[in-house]
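Peer 1: Structure of the sequence below:
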Amino acid sequence: MSRAAKYCLLGMLVAICGGGLAWQYELERRRESMSPGELYGVVMKQVSAFRSDDYAGAYQQASTDFQQKFDIEAFEDLARTEYPGLLHASRVEFGAVHGRGRRAVIPAYFFLKDGDVIPCVYSLVREEEAWKIDGVRVLRRLPPGQRLSGTRL
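Peer 2: Below you'll find the model as predicted:
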């Protein structure tokens, strides 16, 4: 085999490997992408399930790790006793998504009928092909009329 043919073959192999690497990178990027709408949808799906007393449906939005810590009965009890305001909020608004790789954090604001606002921080994790809620931290309730930071349009 001539020297030129060897270089040509080597160049083709490098091009094939480079193409495979780029393809794999793109697949990983798509798999781990964070669409804010998708993440907000996971939270809203759980909130909607809570509003209709569908605790099994709400539990399905929880991560595998969370489900290993709490069975569905403990989950329902936790929701009813620790987060009653969240279950009956008149509306929910979201802040900016912060994340990297397979983890994301979303601030959420639950507006109650009496005007109070309950700020929360949702932690989500990517499991296989779906985002799941890994935990919720409820922050101090804000009284009516207190302005939230951010831009208003």
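Peer 1: which stretch of helix or strand covers Glu38?
Peer 2: Secondary structure from DSSP states H and E places Glu38 in helix 36-51.
Peer 1: Could I get the full set of helices for this protein?
Peer 2: Along the chain, the segments classed as helices by DSSP state H run 3-31, 36-51, 55-60, 64-69, 72-82, 84-87.
Peer 1: Could you point out the longest strand of the chain?
Peer 2: Scanning the chain for the longest strand, with DSSP state E as the assignment, gives strand 117-127.
Peer 1: Would you mind giving me the confidence score for Leu21?
Peer 2: Looking at Leu21, its pLDDT is 69.
Peer 1: heads up, I number from 79, so please use that
Peer 2: With 79 as the first residue, the last one maps to Leu99.
Peer 1: Quick check: can you list the domain ranges of the chain?
Peer 2: 79-109, 111-216 (automatic domain parsing).
Peer 1: State the number of residues packed around the residue lying closest to Val121 once chain neighbours are set aside.
Peer 2: Spatial nearest neighbour of Val121, excluding adjacent residues (Cβ to Cβ, 6 or more residues apart in numbering): Tyr200 at 5.6 Å. For every residue, glycine as well, the C-beta is placed using N, CA and C. As a burial measure, Tyr200 scores 21 neighbours (other Cβ atoms under 10 Å).
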